[in-house]
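>>> Predicted model and sequence below, questions to follow.
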Amino acid sequence: FAQALGRIGCFFGGCCFGKPSYQFGVVFPVGSYPYSMYGNTPLFPVQLVESGYLILLAIFLYTLIRFKFRAGCYLIFMAAGRYFFEFLRGDNRGSLISDVFSPSQIFSIGVFFSGVLLLYMQQQQVKYRRISWKMKKWKNARIARKKSISVQRNAVSAEKHWIRHCEYLEIGRASCRERV
């Protein structure tokens with residue numbers, strides 16, 4: 001949501017403006033940077049469209065994606081959106097490798113693959129936790145079985161000890177078993 005508000009701030013500040021568009025255009029006021037470049041030509045409000053995209057993305061992530069996977073999904077969807085919105089921008093963003101892609105687009109490609117890697121690592125971690133949970137459950141069951149066997153052995157051992165004690169005291173086995 002914060003990034004969406006930032007894009008609305010870009011619209012009011014007159015930065016990150018779109019290319020000329022006569023169907024969905026916005027004319028910026030005299031003295032603004034977009035006006036100095038394009039004059040009274042209507043420009044596509046890419047800031048508002050991206051802000052709407054970010055709000056929908058936030059709602060999607062909050063309602064449909066589990067918490068532990070939200071960061072990776074955010075990186076993927078934000079980078080993909082930013083990559084395509086950059087084609088709609090009309091301001092000078094500079095160039096890094098060629099004049100076709102802006103630095104933000106190249107950065108978005110890296111962020112996209114970072115999000116994919118993060119999701120992959122989180123998925124592997126979930127698989128490992130499931131396996132370790134099953135192993136822990138199996139180990140606990142083994143320990144419980146050993147304890148129950150140990151308790152049974154201790155009970156038998158206690159009974160034998162009591163019988164030996166009775167024999168020592170020269171009490172009959174029958175009356176000794178009654179005491180046990």
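Happy to help now that I have it.

>>> From Met121, how far out is Ser114?
Ser114 sits 10 Å away from Met121, going by C-beta to C-beta, to the nearest Å. Just so you know, the C-beta spots here come from the backbone N, C-alpha and C atoms, and that holds for glycine as well.

>>> neighbour-wise, which of those two wins?
Higher neighbour count among Ser114 and Met121: Ser114, with 14 against 11, using other C-beta atoms under 10 Å.

>>> which element is that one on?
In this structure, Ser114 sits in helix 103-168 according to DSSP states H and E.

>>> Can you give the contact residues for stretch 102-122?
68-69, 71-76, 78-80, 82-83, 86, 89, 93-97 (C-beta atoms under 8 Å, 6 or more residues apart in numbering).

>>> Now list the buried members of those residues.
Gly72, Cys73, Tyr74, Leu75, Ile76, Met78, Ala79, Arg82, Tyr83, Glu86, Arg89 (16 or more other C-beta atoms under 10 Å).

>>> okay, these in JSON lines with distance to Pro29 next?
Below are the buried ones among the contacts of stretch 102-122 laid out as JSON lines (distance: C-beta to C-beta, whole Å):
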{"residue": "Gly72", "distance to Pro29": "41"}
{"residue": "Cys73", "distance to Pro29": "38"}
{"residue": "Tyr74", "distance to Pro29": "34"}
{"residue": "Leu75", "distance to Pro29": "36"}
{"residue": "Ile76", "distance to Pro29": "37"}
{"residue": "Met78", "distance to Pro29": "30"}
{"residue": "Ala79", "distance to Pro29": "32"}
{"residue": "Arg82", "distance to Pro29": "27"}
{"residue": "Tyr83", "distance to Pro29": "30"}
{"residue": "Glu86", "distance to Pro29": "25"}
{"residue": "Arg89", "distance to Pro29": "19"}
